[in-house]
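> Whatever this is, show me its structure:
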Amino acid sequence: MTVSNGTAAARPWRNWGGTAQCTPTAVESPGSADDIADLVGRAVQANSTVKAVGAGHSFSPIALAPATQLDMSQLQGLIGVDEAARRVTLRAGTRLYEIPDLLGAHGLAMANLGDVDRQTISGATSTGTHGTGLDFGGLSTQIVGATLVSGTGEIVTVAEDDPRLAAVALGLGALGILVDLTIQCVPVFSIRADEYPLDADDAIDGFTERVATQDHHEFYWFPHTRCALGKTNTRLEGLATPSGAGRVRRYVDDEILANRVYRVLCALGSRVPAAVPTISQVSGRVLSARTYTERSDRVFISSRTVRFREMEYAVPLEATPSALRELRQMIERKRYRISFPVEVRAAAGDDLMLSTASGGPRGYIAVHRYHHDDPTDAAAYFADAEAIMTDHGGRPHWGKIHTRDAAYLRSVYPRFDEFRAVRDQFDPNRVFANPYLEQVLGS
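Down below sits the predicted model:
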C-alpha cells in the first residue's frame, strides 16, 4: 500500500467542474481489498471517515473526502471473463475509456454508455450515470455482482440473487468502498448515427414518440433560438465497417467546431452576455446533418473539453415536454443568457433503490453554464430550473448540481428507506459519510 507524504496529503483536491473542493487529511492508494479493509479498520478506531475518489467528474460534492481520501488508481483492469455468460469482472478504479478495448478482445461490449468516458466504473455506477434509450437502463443496471469493503472492515461479496444488490449497484459511496464489479455485457456491436437539425418545437413535441420508436434518441436545444440538434442511434449487429462522415469531417465538427471554436464563443459570451443570443444562433446553425457508422463506444462517447457546470433532473417521461416548455419560458422571462444547449434524453425504468429511473422510464433534462459565467447568475439559473423540475416530481442526478435534501428525496423515491436500512447494515458507524451524504440521506 502506498501512502502519500505529508505535503501531498495536504494538497487541495478539486473536481473537474470546479464546483467542489476539499483538503483531505491523508491520501492513500490501496492495492487490494485487504489494504482497504485495513484502512477502514483504522478509520473506525479513530472515529474518522474514508472516501474513495475516482476521476472527480461529478459536479455535486458526492466525492468530497474531509478525512482520508482513497486514490483508486492502483485498482484497475480486467480480473476475469466468462465469455459463455458474457460477463466480466473489473476492478473498481478502471476508467470507462479503457473498457471497450478490454472487452473487445473477448467479443464483448457494454450494453449502453453515457456520453463521457473519463469516469471510473465505480464512480459512474455509484452516481447513476446513464445513457439514452427506452430499452436500456443506466450503467448500474448492468451490474450483476460486486465486492466491497463495508464500514466494519468486512470484505463483502454481493451476488446477483442478493436483494442488497439493488442498493449496492447504485450506492452513492454510502455503503462501502467498491473493490470490483461484475458486469453483464452484450456481443460487440456497431451503431449507425444520424444527426440532423430540428425546429425546437418539433424536437419537444415529438420527443416521446421518437424515443419510443428509436433505439437511442436525444436532442440538444440552443436557448434563445428555435434551433435543435437531433441525434438518433441505431444498433447494428456485430462490427460493421466504419462508414459515412469521414474522420476529417468528424474531427472538424467534434474537435474544432464543438470544442475549440465553441470555447472561444463561450468565453466571449461570458464577458459580453448581450452577445449570447447571437452566439447561440451561430452554434445552433453551424452543425449540419451527418450520418456515420462506428463501433458503439465511438458513437456513444463525445469529446468534452469546454468546461461547464451541469444540473440534470429525471422527470416522468410524459412530463418531459411540459417541463421543457416551462424552461424555455423561464429563460426568456428572466432574461438569462445561456450559451450552452439544453440536453434532453430518456432511459428505461429499473428496480434499483436510488436509480433516477427506479420504477419506470424517465426523461432527462440537463442544463449547463459555462464555468467562467458569473457565479451568482449561474446559481440563480440553476435554482429556477430546479424549481421547474421539482414541480414535476423530478429526481436530481446524484453526480450533478442540486439542492435537494433527504425529506424531498424520500417523497420521490419509494424505496428510499429501504436504502437507508441497507446503509445501516453496511455502515452503522457512518465511516463513509460526508456532508453531501448527510444532506441527501440524513444522518
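> Low-confidence ranges, the stretch 151-300 of the chain, go.
Residues of the stretch 151-300 of the chain that meet the criterion pLDDT under 70 lie in 245-263, 282-287.
> That one: helices as residue ranges?
Ranges of helices in the stretch 151-300 of the chain, per DSSP state H, counting those that start in this stretch, are 165-168, 200-205, 207-213, 247-251, 262-271, 276-286, 296-300.
> Which of those sits closest to residue 401?
Among the helices of the stretch 151-300 of the chain, helix 262-271 comes nearest to residue 401, with 17.7 Å by CB to CB. The way it works is simple: take the backbone N, C-alpha and C, and place the C-beta from them, glycine included.
> list the buried ones in that closest one?
262, 265, 266, 269, 270 (16 or more other CB atoms under 10 Å).
> now swap in stretch 205-222 and tell me
For stretch 205-222, by 16+ other CB under 10 Å, it's 206-208, 210-211, 214-222.
> With stretch 343-360 instead?
Across stretch 343-360, burial judged by 16+ other CB under 10 Å covers 343-350, 352-358.
> Endpoint to endpoint, that stretch covers what distance?
20 Å (CA to CA, to the nearest Å).
> That stretch - what's its average pLDDT?
Mean pLDDT, stretch 343-360: 98.
> how close does the closest residue to residue 406 other than its chain neighbours sit to residue 424?
Nearest non-adjacent residue to residue 406, counting by CB to CB, 6 or more residues apart in numbering: residue 442, 4.0 Å away. Per CB to CB, to the nearest Å, residue 442 is found 11 Å from residue 424.
> Might one say that residue 268 is in contact with residue 278?
No: counting by CB atoms under 8 Å, residue 268 stays clear of residue 278, with 9.7 Å between them.
> Need the three-state assignment for residue 311.
With DSSP: H, G, I helix; E, B strand; the rest coil as the basis, residue 311 sits in strand.
> what's the pLDDT at it?
98.
> count of neighbours near it?
24 (other CB atoms under 10 Å).
> got it, and the one 10 residues further on?
By the criterion of other CB under 10 Å, residue 321 has 18 neighbours.
> same deal with residue 100?
Using other CB under 10 Å: residue 100 sits among 21 other residues.
> just checking, it touches residue 109?
Yes: using CB under 8 Å, residue 100 is in contact with residue 109, at 6.7 Å.
> Name all residues that sit in contact with those two at the same time.
295, 296, 297 (CB atoms under 8 Å, 6 or more residues apart in numbering).
> what's the second one in contact with, if anything?
Yep, that's residue 296 we're talking about. Contacts of residue 296 (CB under 8 Å, 6+ apart): 100, 109, 113, 188, 189, 190, 191, 235.
> Between the two ends of stretch 345-360, how far is it?
Stretch 345-360 has an end-to-end distance of 14 Å (CA to CA).
> now it, how far from the centre of its chain.
In this view, stretch 345-360 has its centroid 14 Å away from the chain centroid, taken as CA atoms, centre = their mean, to the nearest Å.
> now swap in stretch 363-375 and tell me
14 Å.
> pLDDT (mean, whole number) over that stretch?
Stretch 363-375 comes out at a mean pLDDT of 94.
> Skipping its backbone neighbours, what lies nearest residue 244 in space?
residue 292 (3.1 Å).
> Hmm, residue 242 and that neighbour touching each other?
Yes: counting by CB under 8 Å, residue 242 is a contact partner of residue 292 at 7.4 Å.
> quick one: contacts for the residue nearest the centre of the chain?
With distances taken as CA atoms, centre = their mean, residue 129 lies nearest the centre of the chain, 3.3 Å away. Going by CB under 8 Å, 6+ apart, residue 129 touches 114, 119, 138, 139, 140, 399.
> Nearest to residue 316 among these?
residue 138 (16.5 Å).
> residues touching that closest one, list them.
Applying CB under 8 Å, 6+ apart to residue 138 gives the contacts 112, 125, 128, 129, 130, 131, 170, 347, 350, 355, 356, 357.
> Can you pull the phi/psi pair for it?
phi -70, psi 170 (degrees, to the nearest 10).
> Adding distance to residue 327, write the helices of the stretch 151-300 of the chain out as TSV.
Shown next, in TSV, are those (distance: least, CB to CB, whole Å):
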stretch	distance to residue 327
helix 165-168	32
helix 200-205	10
helix 207-213	13
helix 247-251	30
helix 262-271	19
helix 276-286	15
helix 296-300	25
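> Can you tell me which of those is nearest to residue 364?
Here helix 207-213 is closest among the helices of the stretch 151-300 of the chain (CB to CB), at 10.5 Å.
> Against which helices or strands is that closest one packed?
Here helix 207-213 touches strand 216-221, helix 320-334, strand 342-347, strand 362-370, going by 3 or more CB pairs under 8 Å, 6 or more residues apart in numbering; DSSP states H and E.
> Could you point out which of those sits nearest residue 26?
Of all these, strand 362-370 comes closest under CB to CB, at 33.7 Å.
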